[in-house]
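Novice: predicted model and sequence below, questions to follow.
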Amino acid sequence: MVNKGTVDYMTHVTVKTLKDLDRFAALFAKTLRGGDVVGLIGDLGAGKTTFVQRLSAALGIKKPVRSPTFILMQLFNLPVATAKKVRFRQVCHIDAYRLEKESELMAIGFADYAGAPDTVTLVEWAEKMPGVNRFGRYREIRISFGKKGERVFEEE
Amino acid sequence: MRLLAIESSCDDSAIAYLDVNRRGIRRLEHVVASQAIHAKYGGVVPEVAAREHATTMPFLLDAIAEKVIGSTDGRRLGRVVDVVAATRGPGLITSLKVGLDTAKALTAAWNKKFIGVNHIAGHIYSNWLPGAALDRAYDKQYPLSEAERSRRGSNGASVKGLFPALVLVVSGGHTELLLMRGHGKFKLLGATLDDAAGEAFDKTAKLMGLGYPGGPQLSKLAAAGNPKVYDFPRPLLHEKNDAFSFAGLKTSVRYFLREHEEQLTDEKFRADVAASTEQAIVDVLKKKTVRAAERLGVKTILLAGGVAANSKLRTELGELLAERLPKARLVLPPLKYCTDNAAMIAVAAYFRAETGHFDDWRRADADAGWELGRSS
């Protein structure tokens, strides 16, 4: 268990219910800083998009968050009050599922947002794009399936 | 009215030329970025969406000009255009900007009127393109005039007019129900909370080891299977709302396949799983659509988007409507205009232009998150 600067945030959590996930997302939200690039790694159905949905809710984002597999990238503005507190103003949600090469990631405008001081960037299927760790403060969350349908969230 | 319309909201860039009046479509030309066009004019078509589409756009303009006026002379093309239109959102911001900026430049250079079109409205207007099955009767030549005639009430005694209409938009990125009260008048009733229906098709196909795009391949495999063998979840089917959810279905197919790993090589098993998955998706789509149609008392039901090409959805939605709402009219978009194209953008722009409301191209910015019919 590594302390990431926030008392309650743990880097290894077993999530059995959506309530558990909300708790983890809320704690994780507190560790976010502008410029963070978070790789989300986990198989189909692991809950990457669900995690982004719950994290966005924890950040006060009202707009519906859906899977960006087809649209590739979506931007969400934080409410002004939250933005002042957390000191970043937008979340960039990217999905590399359909991408083959890193040049494609650059072509959708990744570098415009990743690492920008006012932006937190979340990248689903980041393992397909090893170069994302060059941007901003790179962090990685791995989601794996437990035996009884629970999920394990780990930050490396 | 002669329109030039540009679509570049995600993966594909396309340009259409439409000459249309109230009596129908006089001329429709359409070009899509493809290896063929690139081979002719040089260059390689980018694999995925984005900035590289900027390199595609000039070739597409050349191609449409050759079709319309027989040469690549842009000035002469401008002389036969009254309105320039482009998709302004929703979509991928970097892709949207390419088409929109091209359209704005043409608008300024040619001194034309401009209309920024919502991509989803475009899909809906694919139902006014040649080949749309209106009133289950196929009018080859003038579907637009057919739609207009029925709007005036001279087509059939049972239903006067098309509106109010209910629209089911289903594609890889969208699944939503909208109420259409008239041309350009949309109200969003509900949308998917997570994955779109097209994504559910593609990702379950992936779980079964089928290639991308998996949707059509899953349907092909499903044709040989029995859809009643496995009972996969129908998410939100019994909720009294117009929302959808397909992420849970995907996860449930995943668990199911893991429990039956040894059967994954059995063709009968594979076909039955594919058929059962497709049935689960189609059941949710058709039942929630018909329920909303009954509740709202609509006269017409329109289908739109890439998944509107799915034959099971087309057939079973028609059958359920015939049983539950025999007086309602079902309109199915032509197969060739179900996926992203610029012809639908041109038609949407035409109906907007008919109202006399144009956009100031100087202030037309790409809006990646533009939700059609969302109040507030």
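Specialist: Noted; the coordinates are in hand. Note that the structure is a prediction, hence the values are computed from the model and not measured.
Novice: residues contacting residue 21?
Specialist: Chain wasn't specified; assuming chain A. A:Leu21 makes contact with A:Val15, A:Gly47, A:Thr50, A:Phe51, A:Arg54, A:Arg151 under the criterion CB atoms under 8 Å, 6 or more residues apart in numbering or on different chains. (C-beta placed from N, C-alpha, C; glycine too.)
Novice: let me rephrase: I mean chain B.
Specialist: B:Met1.
Novice: what's the nearest residue to B:Ala366 if we skip its chain neighbours?
Specialist: Spatial nearest neighbour of B:Ala366, excluding adjacent residues (CB to CB, 6 or more residues apart in numbering or on different chains): B:Leu96 at 3.9 Å.
Novice: A:Ala83 now?
Specialist: A:Arg89 (4.2 Å).
Novice: that neighbour and A:Leu75 touch, don't they?
Specialist: No: counting by CB atoms under 8 Å, A:Arg89 does not reach A:Leu75; the two are 10.3 Å apart.
Novice: ok, residues contacting stretch B:284-299?
Specialist: Contacts of stretch B:284-299 (CB under 8 Å, 6+ apart): B:159-166, B:168, B:170, B:175, B:177, B:179, B:189, B:197, B:234-237, B:242, B:244, B:246, B:301, B:313, B:316-317, B:320-321, B:324-325, B:327-329.
Novice: one more time with 7 Å
Specialist: B:159, B:161-166, B:168, B:170, B:177, B:179, B:189, B:197, B:234-235, B:237, B:242, B:244, B:301, B:313, B:316-317, B:320-321, B:324-325, B:328-329 (CB atoms under 7 Å, 6 or more residues apart in numbering or on different chains).
Novice: which among the contacts of A:Leu21 are in contact with chain B?
Specialist: A:Thr50 (CB under 7 Å from any CB of the partner chain).
Novice: out of the contacts of A:Leu21, who's nearest A:Thr119?
Specialist: Nearest to A:Thr119 out of those is A:Phe51 (CB to CB; 18.1 Å).
Novice: list the buried ones in the host helix or strand of the closest one?
Specialist: Assigning secondary structure by DSSP states H and E places A:Phe51 in helix A:48-58. Going by neighbour count (16 or more other CB atoms under 10 Å in any protein chain shown), the buried part of helix A:48-58 is A:Lys48, A:Thr49, A:Thr50, A:Phe51, A:Val52, A:Gln53, A:Arg54, A:Leu55, A:Ser56, A:Ala58.
Novice: before we move on, what about stretch A:69-82?
Specialist: A:Thr69, A:Phe70, A:Ile71, A:Leu72, A:Met73, A:Gln74, A:Leu75, A:Phe76, A:Leu78, A:Thr82.
Novice: quick one: stretch B:359-374 to chain centroid distance?
Specialist: 18 Å (CA atoms, centre = their mean, to the nearest Å).
Novice: please disregard the earlier target; I meant stretch B:301-311.
Specialist: On CA atoms, centre = their mean, the centre of stretch B:301-311 falls 7 Å from the chain's centre.
Novice: quick one: contacts of that stretch?
Specialist: B:123-124, B:126-127, B:165-172, B:174, B:197-198, B:219, B:289, B:293, B:313-314, B:317, B:321, B:328, B:330-333, B:335, B:338-339.
Novice: buried among the residues you listed? Make that a PyMOL selection.
Specialist: Provided next is the PyMOL selection string for whichever of the contacts of stretch B:301-311 are buried by 16+ other CB under 10 Å:
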select buried, chain B and resi 123+124+126+127+165+166+167+168+169+170+171+172+174+197+198+219+289+293+313+314+317+321+328+330+331+332+333+338+339
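Novice: which members of the contacts of stretch B:301-311 are positioned in strands?
Specialist: Members of the contacts of stretch B:301-311 lying in strands (criterion: DSSP state E): B:Ala165, B:Leu166, B:Val167, B:Leu168, B:Val169, B:Val170, B:Leu330, B:Val331.
Novice: and of those, the nearest to chain A?
Specialist: Minimum distance to chain A across the ones in strands among the contacts of stretch B:301-311 is 12.0 Å, recorded for B:Val170 (CB to the nearest CB).
Novice: got the confidence number for the closest one?
Specialist: If you check B:Val170, the pLDDT there is 98.
Novice: where's the residue positioned nearest the centre of chain B relative to B:Glu294, distance?
Specialist: Taking CA atoms, centre = their mean, the centroid of chain B lies closest to B:Gly305, which sits 2.6 Å from it. According to CB to CB, to the nearest Å, B:Gly305 and B:Glu294 sit 22 Å apart.
Novice: the helix or strand encompassing A:Val120 pairs with which strands, parallel or anti?
Specialist: According to DSSP H and E, A:Val120 maps onto strand A:119-124. Sheet pairing of strand A:119-124 (DSSP bridges) gives strand A:36-41 (parallel), strand A:90-95 (parallel).
Novice: just put these in TSV and tack on mean neighbour count and mean pLDDT.
Specialist: Converted to TSV, the strands paired with strand A:119-124 look like this (neighbours: other CB atoms under 10 Å in any protein chain shown; pLDDT from 0 to 100):
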stretch	mean neighbour count	mean pLDDT
strand A:36-41	24	98
strand A:90-95	24	97
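Novice: sorry, back to before: just send the contacts of A:Leu21 back as TSV, with distance to B:Glu7 too.
Specialist: Converted to TSV, these look like this (distance: CB to CB, whole Å):
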residue	distance to B:Glu7
A:Val15	41
A:Gly47	34
A:Thr50	31
A:Phe51	33
A:Arg54	34
A:Arg151	39
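Novice: of the contacts of A:Leu21, which is the nearest to B:Lys268?
Specialist: Using CB to CB, the contacts of A:Leu21 come closest to B:Lys268 at A:Gly47, 31.9 Å.
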